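>>> Structure here, sequence nowhere to be found:
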């Protein structure tokens, strides 16, 4: 039977690391999302334009 080396991380180790760093795993993407929304709505200029003419005349 083949034994696994001791330095290989187990699934329990990986889940433990993710739980310990869950604050960073949530805050960093949320900060980038908020910055992207601020840029998209308030800073970036739209690259499109349109005009419309409405003519109302009695028939």
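Thanks, I have it. Everything numeric in this text was worked out from a predicted model, so none of it was measured.

>>> Averaged pLDDT, the lengthiest helix in the chain. What do you get?
The longest helix of the chain (DSSP state H) is helix 22-38. Confidence over helix 22-38 (mean pLDDT, whole number) is 97.

>>> chain center to it: distance?
7 Å (C-alpha atoms, centre = their mean, to the nearest Å).

>>> which residues are contacting that helix?
Applying C-beta atoms under 8 Å, 6 or more residues apart in numbering, the external contacts of helix 22-38 come out as residue 18. C-beta coordinates here come from the backbone N, C-alpha and C atoms, glycine included.

>>> in that helix, what counts as buried?
Going by neighbour count (16 or more other C-beta atoms under 10 Å), nothing in helix 22-38 comes out as buried.

>>> what helix or strand is residue 15 on?
helix 11-20 (DSSP states H and E).

>>> tell me the angle of that helix relative to helix 22-38?
50 degrees (axes from the mean of the first three to the mean of the last three C-alpha atoms, to 10 degrees).

>>> Contacts made by helix 11-20 with the rest, please.
residue 25.

>>> residues near residue 21, how many?
10 (other C-beta atoms under 10 Å).

>>> my bad, residue 54
Residue 54 is flanked by 4 other residues according to other C-beta under 10 Å.

>>> swap in residue 8?
Count around residue 8 with other C-beta under 10 Å applied: 7.

>>> Checking it next. Helix, strand or coil?
Following DSSP: H, G, I helix; E, B strand; the rest coil, the label given to residue 8 is coil.

>>> and the gap between it and residue 39?
Distance of residue 8 to residue 39, computed by C-beta to C-beta, to the nearest Å: 43 Å.

>>> Ok, residue 31 next?
13 Å.

>>> Also residue 14?
Per C-beta to C-beta, residue 14 is found 34 Å from residue 39.

>>> same thing with residue 28?
Taking C-beta to C-beta as the measure, residue 28 falls 17 Å from residue 39.

>>> Please apply the same query to residue 21.
27 Å.

>>> likewise residue 24?
22 Å.

>>> Same check on residue 11?
38 Å.
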